[in-house]
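[1] Build me a model from this:
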Amino acid sequence: QVQLVESGGGLVQPGGSLRLSCAASGFTFSTYWMYWVRQASGKGLEWISGIHAGGVSTIYADSVKGRFTISRDNAKNMMYLQMNSLKPDDTAVYYCNARKLRVGGYLDYWGQGTQVTVSS
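    A predicted model of the protein is given here:
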């Protein structure tokens, strides 16, 4: 059974930091690109960061570049998002996504999300 479980969300003041974690199980984690995707209330999904299956490259949306750092530990089937200099606009539900290109299209797995609220 495939599972992606996010944790680490919460309430933080502007300028603060949080570290999100994503625990994966039920699939070969080390062969999937992993992503963090967020959704603010009343808005659509926003992809914010991705990391290569082997961890050799990372990509970021402009909105988080220089503030957020994605990482993974394939030995532990874990992915992380270090979020610094948080802004109220970062308030959203954060999801982890596992994606693999296969014949016929992409295979996607999703977690249930963790709420991040940035407010004074």
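
[2] what's the nearest residue to Val2 if we skip its chain neighbours?
    Closest residue to Val2 apart from its sequence neighbours, by Cβ to Cβ, 6 or more residues apart in numbering: Gly26 at 3.9 Å. In short, each C-beta sits where N, CA and C put it, glycine included.

[3] same deal with Ile59?
    Gly50 (4.8 Å).

[4] What ranges does the protein have for its strands?
    For the chain, strands defined by DSSP state E occupy the ranges 3-7, 10-12, 18-25, 33-39, 45-51, 58-60, 68-73, 78-83, 92-102, 105-110, 114-118.

[5] gap between the residue nearest to Val2 and Ala61?
    Taking Cβ to Cβ, to the nearest Å as the measure, Gly26 falls 28 Å from Ala61.

[6] okay, those two: which has more neighbours?
    Ala61 (15 against 11; other Cβ atoms under 10 Å).

[7] thinking Met78 is in contact with Ser21, fair?
    Yes: counting by Cβ atoms under 8 Å, Ser21 is a contact partner of Met78 at 6.2 Å.

[8] Who does the nearest residue to Leu101 once chain neighbours are set aside form a beta bridge with?
    Once flanking residues are discounted, Leu101 sits nearest to Leu107: 7.9 Å by Cβ to Cβ, 6+ apart. Going by DSSP bridges, Leu107 is paired in beta bridges with Lys100.

[9] Run a quick neighbour tally on Leu107.
    13.

[10] ok, it - contacts?
    By Cβ atoms under 8 Å, 6 or more residues apart in numbering, the contact list for Leu107 reads Arg99, Lys100, Leu101.

[11] just the buried members of those?
    Among the contacts of Leu107, none scores as buried (criterion: 16 or more other Cβ atoms under 10 Å).

[12] and those as JSON lines, adding pLDDT and distance to Tyr35?
    Formatted as JSON lines, the contacts of Leu107 follow (pLDDT from 0 to 100; distance: Cβ to Cβ, whole Å):
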{"residue": "Arg99", "pLDDT": "95", "distance to Tyr35": "6"}
{"residue": "Lys100", "pLDDT": "92", "distance to Tyr35": "12"}
{"residue": "Leu101", "pLDDT": "89", "distance to Tyr35": "13"}
